[in-house]
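Novice: Give me a 3D structure for the following:
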Amino acid sequence: MPDTWNRSTATGKASGDGAVPDWARLTPAGERLLNAASELFYQQGIHAVGVDTIAESAGTTKKTLYDRFGSKDSLVAMYLQRRAERWKRFVEDHLNGQGTETGEGEAAGDARRVAGEDPPDGAVERVLKVLEALEVWSAHHSRGCAFVNAYAEIGGTGHPGLAIIRDEKEWTRALYARLLREAGLDDTTAQAIGVQLSLLHEGTVVVMTAGDQPDVFEHARVAARQLIAAATLPMIMNTYAFHMAGKSS
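Specialist: The predicted structure is shown next:
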């Protein structure tokens, strides 16, 4: 049975079979084709790589490619889907690998905020670890963001990969906002600073590649700390006022 594209699994929506990613159900030939296409698309570009080149690189035929994926567009979408899933898992694993004791969740952040407590250093550091994960990932993916690169080629079309690209960018923004809420920021502030950090995140990748600036992540961390410090200053002032009020009572 052909490995066909299912848009619902690309956007993370549940389907009747449990929303298992399409790429996880590939045959061995389909897996070879996807692996070859992924490397070629990232290194050379989507439009520059034809199906003949992909089939030859995978050691199979163009007919097999169409039997497995239906079209080149579906293959591109599956490439983006798998890359997005791997990137998200990489970031979450990096965060969890640094210890979960400082990421108790949003409920703990709410409790600290209500009690007028400072955000713990570890909770703030977890926000910065997203940039750290990006730096590690980028060291092995030197051509920049695969999703931005793909958008430059398929943007403005009805390509099925566009939903995956937009979902990945929204996921990044939401991740920063979630970590900021866990650090104790209120939702409105976390959302606003999350947007700013995601812009810093995206710009860092561009400068690293197109700008050829080797110390860009060092500058990004400084800028991120400044954004977070400015956002948490009201919390610190509230804590100070809370303690002073306790002393005077």
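Novice: in which helix or strand would I find the spatially most central residue of the chain?
Specialist: For the chain, the residue nearest the mean C-alpha position is residue 172 (4.6 Å; C-alpha atoms, centre = their mean). Per DSSP states H and E, residue 172 falls inside helix 161-182.
Novice: got the buried residues for that helix?
Specialist: Buried positions in helix 161-182, judged by neighbour count with 16 or more other C-beta atoms under 10 Å: 161-165, 167-169, 172-173, 175-182. Where C-beta positions appear, they are placed from N, C-alpha and C, glycine not excepted.
Novice: show me the contacts for the residue nearest to the centre of the chain.
Specialist: Residue 172 makes contact with 130, 198, 201-202 under the criterion C-beta atoms under 8 Å, 6 or more residues apart in numbering.
Novice: Walk me through the domains of this protein.
Specialist: Split into domains by the TED database, the chain comes to 24-70, 84-99+120-235.
Novice: And the helices in this protein, which stretches?
Specialist: Under the criterion DSSP state H, helices of the chain are mapped to 7-10, 28-44, 51-58, 62-69, 72-97, 106-114, 121-138, 146-154, 161-182, 187-209, 216-248.
Novice: how about those helices in a markdown table, adding mean pLDDT?
Specialist: Converted to a markdown table, the helices of the chain look like this (pLDDT from 0 to 100):
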| stretch | mean pLDDT |
| --- | --- |
| helix 7-10 | 38 |
| helix 28-44 | 97 |
| helix 51-58 | 98 |
| helix 62-69 | 95 |
| helix 72-97 | 95 |
| helix 106-114 | 41 |
| helix 121-138 | 88 |
| helix 146-154 | 97 |
| helix 161-182 | 96 |
| helix 187-209 | 95 |
| helix 216-248 | 71 |
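Novice: and of the domains of the chain, who's closest to residue 78?
Specialist: Closest approach to residue 78 among the domains of the chain (C-beta to C-beta): domain 24-70, 6.1 Å.
Novice: Fine, thanks again, bye for now.
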